[in-house]
Every structure is written in C-alpha cells, then in structure tokens.
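Enquirer: give the three-dimensional model of this entry:
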Amino acid sequence: MNAYDKELGQSGDIALVQYGDGEISVLRPGRFVVCAVSGRKIPLEALRYWNPKLQEAYAGPAEALARWRELNPEGGGA
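Expert: Numbering: from 1, shown residues only. Just a heads-up that it's a prediction; the model follows:
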C-alpha cells in the first residue's frame with residue numbers, strides 16, 4: 001500500500017459509474033461498485049445487473065429480483 005492508497009483508504013477503490021440502458025459509463029475509475037441490496041463489492045468486470053432509473057448496481061440476479069419485488073410489492077403487472 002502506498003501513500004496514495006492510505007490517503008484514499010478503501011473508498012479509493014470504489015468506481016463512480018453512470019448506469020445506462022445496456023451499458024455503463026465509468027465516471028471515476030475504481031476496482032468495484034457496491035451492491036445496493038447486499039452491500040457486497042462487485043468488481044467492474046463482473047458487473048452484469050443494474051437499474052438505470054435508480055442508478056443502482058446489483059451483485060446478481062437474486063439481488064436485482066429482491067429490489068424489483070421491494071419496489072413492486074403487488075407484482076407490478078408481471
């Protein structure tokens with residue numbers, strides 16, 4: 001760990017990402033984003049699930065479904 005890493009701490013590894021429809025834009029480089037449901041770190045290269053409307057990342061399909069169910073308690077017509 002160098003002086004720059006110590007100054008930033010672990011938050012220096014968190015990327016700032018804009019989530020779009022089918023693509024992401026990295027606004028600030030980093031190694032991972034944090035799952036909005038579980039709090040797990042998601043390496044950028046493994047990021048596959050997100051919600052562009054809410055600007056949230058999800059660790060996997062289970063977390064994405066959990067958030068959808070939370071937002072659509074009556075099933076949302078699906």
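Enquirer: doesn't Ile24 make contact with Gln55?
Expert: No: checked against C-beta atoms under 8 Å, the pair Gln55 and Ile24 is beyond contact range at 10.4 Å. Placement of C-beta: from N, CA and C, glycine included.
Enquirer: so between these two, which is more surrounded?
Expert: Neighbour comparison, Gln55 and Ile24: the larger count goes to Ile24, with 16 against 12 (by other C-beta atoms under 10 Å).
Enquirer: got a list of what the more buried one touches?
Expert: Counting by C-beta atoms under 8 Å, 6 or more residues apart in numbering, Ile24 touches Val17, Gln18, Leu47, Trp50.
Enquirer: and what of Leu27?
Expert: Ala15, Leu16, Val17, Gln18.
Enquirer: the helices in this structure, which residues?
Expert: 3-8, 61-71 (DSSP state H).
Enquirer: looking at this structure, which helix or strand is least sure?
Expert: Least confident helix or strand of the chain, by mean pLDDT, DSSP states H and E, is helix 3-8 with a mean of 44.
Enquirer: for Glu74, see how far away the nearest residue to Ile14 once chain neighbours are set aside is.
Expert: Spatial nearest neighbour of Ile14, chain neighbours left out: Gly30 (4.9 Å); criterion: C-beta to C-beta, 6 or more residues apart in numbering. From Gly30 across to Glu74, the span is 37 Å (C-beta to C-beta, to the nearest Å).
Enquirer: more neighbours: which of those two?
Expert: Neighbour count, other C-beta under 10 Å: between Gly30 and Glu74, Gly30 has more, with 17 against 5.
Enquirer: okay, that one: pLDDT?
Expert: At Gly30, the pLDDT value in this model is 97.
Enquirer: now do Gly12
Expert: Model confidence at Gly12 (pLDDT) stands at 72.
Enquirer: need the strands for this protein, in chain order.
Expert: Applying DSSP state E to the chain gives strands spanning 16-19, 24-28, 32-34, 41-43, 49-51, 56-58.
Enquirer: distance to Arg67 added to those strands, as TSV?
Expert: Shown next, in TSV, are the strands of the chain (distance: least, C-beta to C-beta, whole Å):
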stretch	distance to Arg67
strand 16-19	13
strand 24-28	17
strand 32-34	14
strand 41-43	14
strand 49-51	7
strand 56-58	7
